[in-house]
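>>> mind folding the following:
(one chain, ligands or ions: 1)
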Amino acid sequence: MDYQRVLTVQDISCVGQCSLTVALPILSACGLETCILPSAVLSTHTGGFTGYTFRDLTEDMPAIEAHWVKEKIRFDAVYTGYLGSAKQIDYVKSMLRSLSKPECLAVVDPAMADNGKLYVGFDEAFVGCMRTLAAEADYLLPNITEAAFLTGTEYRESYDEAYADALAEKLLALGAKNLILTGVSFRPETTGVLVFEKGERKYYEHRKIAQGCHGTGDVYASAFVGALLRGKSAYEAACIAADYVVACIEFTRRLPDHWYGVAFEPVLGELMKKL
Ligand code: PXL
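Numbers count the residues shown, from 1 in each chain. As a prediction, the model looks like this:
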């Protein structure tokens, strides 16, 4: 097996099963050397908790980058998630140039919004910066809300294929090479992923479980990157990640009071079987 080294840049929410506490175990379990760059340290994520701490690590980034450059550390893939400030986006773009191996894949999950709203702490200026990072993505993984913000399109709760295709077209026009649009639902009982890979459009439809969970986007993106770097096509990786997230939500919804995150650990075996 080809042993790949991936860098993932996102926050550490100490409690809450999202971002790095999800990405690191999933990518490692997928057999990848996983290097991390924490964008911020929070006591919990911002989705439903109040009074959380937030330590912004933006100012540490240039020195970390310089050290890695000096040590000649290079990556096969860079996968970004929740970034703590607009300035971090510039630093990440610089790292894409300075720390990449020649065939390095840039995977961008523009983790900033869901259900029609930006997460607490983000504004239009941040969206504008994220748009410039999205433009550099080899694989861009927005949900419908993020896609609407990135393209300046009105968010709709229900929509048809023409709406989703128009979002996709605008995202690809920004510069993203391949697109995995998540949470694309044309019927009440199903949801799915719309994949544009090397110009080809495919839709994977699967069961929608009524109870959504916080952090599913991070589990999805991490499983996608894991499968992609294990040699799957973007469509195969998108399907594998979707099935894994469904299994995670199935498990999580049986737990009392587990509203704050996805219990992804007990079903990691399901993901492993697909690789
Ligand atoms: O799951 C996305 C995410 C990641 N990190 C932090 C968040 C959120 C979503 O709310 O608050 C800190």
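>>> and Tyr260, that one's in a strand?
No. Read with DSSP: H, G, I helix; E, B strand; the rest coil, Tyr260 is coil and lies in no strand.
>>> what's the end-to-end length of stretch 225-237?
The separation between the terminal residues of stretch 225-237, taken as C-alpha to C-alpha, to the nearest Å, is 8 Å.
>>> ok, residues contacting that stretch?
1-2, 4, 6, 8, 23, 26-27, 29-32, 76-77, 79, 105, 107, 139, 178, 180, 195, 197, 202, 204, 223-224, 240-241, 271, 274-275 (C-beta atoms under 8 Å, 6 or more residues apart in numbering). All C-beta atoms are positioned from the backbone trio N, CA, C, and that covers glycine.
>>> buried members of these into ChimeraX, please.
The buried residues among these can be selected in ChimeraX (16 or more other C-beta atoms under 10 Å) with this line:
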select :4,6,8,23,26,27,29,30,31,32,76,77,79,105,107,139,178,180,195,197,204,223,224,240,241,271,274,275
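>>> so which of the contacts of stretch 225-237 reach the ligand?
Subset of the contacts of stretch 225-237 in contact with the ligand: empty, counting by C-beta under 6 Å from any ligand atom.
>>> dump the residue contacts of Phe47.
That one is not Phe; residue 47 is Gly. Per C-beta under 8 Å, 6+ apart, neighbours of Gly47: Gly16, Cys18, Tyr119, Val120, His214, Tyr260.
>>> so it: helix, strand or coil?
Going by three-state DSSP: Gly47 is coil.
>>> tell me where the chain has helices.
When secondary structure is read from DSSP state H, the chain shows helices at 20-29, 61-70, 86-98, 124-134, 144-151, 161-174, 216-229, 234-252, 268-274.
>>> mean pLDDT added to the ones you listed, as JSON lines?
What follows is those, written out as JSON lines (pLDDT from 0 to 100):
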{"stretch": "helix 20-29", "mean pLDDT": "98"}
{"stretch": "helix 61-70", "mean pLDDT": "98"}
{"stretch": "helix 86-98", "mean pLDDT": "97"}
{"stretch": "helix 124-134", "mean pLDDT": "98"}
{"stretch": "helix 144-151", "mean pLDDT": "98"}
{"stretch": "helix 161-174", "mean pLDDT": "98"}
{"stretch": "helix 216-229", "mean pLDDT": "98"}
{"stretch": "helix 234-252", "mean pLDDT": "97"}
{"stretch": "helix 268-274", "mean pLDDT": "97"}
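>>> so which of those is the most surrounded?
Of these, the one with the most neighbours on average (mean count of other C-beta atoms under 10 Å) is helix 216-229, at a mean of 28.
>>> picking up where we left off before, so can I have CSV of the helices of the chain showing distance to Ile36?
Formatted as CSV, these follow (distance: least, C-beta to C-beta, whole Å):
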stretch, distance to Ile36
helix 20-29, 6
helix 61-70, 11
helix 86-98, 13
helix 124-134, 18
helix 144-151, 22
helix 161-174, 27
helix 216-229, 12
helix 234-252, 20
helix 268-274, 18
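>>> and those: which comes nearest Ile209?
With C-beta to C-beta as the criterion, Ile209 lies closest to helix 234-252 of the helices of the chain, at 4.8 Å.
>>> mind checking which of the helices of the chain is nearest Thr50?
helix 20-29 (19.9 Å).
>>> helix 216-229 and that closest one, what's the angle between them?
Put simply, helix 20-29 runs at 20 degrees to helix 216-229, going by axes from the mean of the first three to the mean of the last three C-alpha atoms, to 10 degrees.
>>> list the contacts of helix 20-29.
6, 8, 10-14, 34, 36, 38, 79, 81, 215, 218-219, 221-223, 225-226, 262, 264-265, 268, 271-272.
>>> skipping adjacent residues, who's closest to the residue minimising distance to the centre of the chain in space?
With distances taken as C-alpha atoms, centre = their mean, the residue of the chain nearest its centroid is Asp109 (3.3 Å). Leaving out its chain neighbours, the residue that sits closest to Asp109 by C-beta to C-beta, 6 or more residues apart in numbering is Ala221, at 4.0 Å.
>>> I'd like the distance between the one you found and Ile73.
Distance, Ala221 to Ile73, by C-beta to C-beta, to the nearest Å: 23 Å.
>>> with Gly152 instead?
Distance check for Gly152 against Ile73: by C-beta to C-beta, it reads 37 Å.
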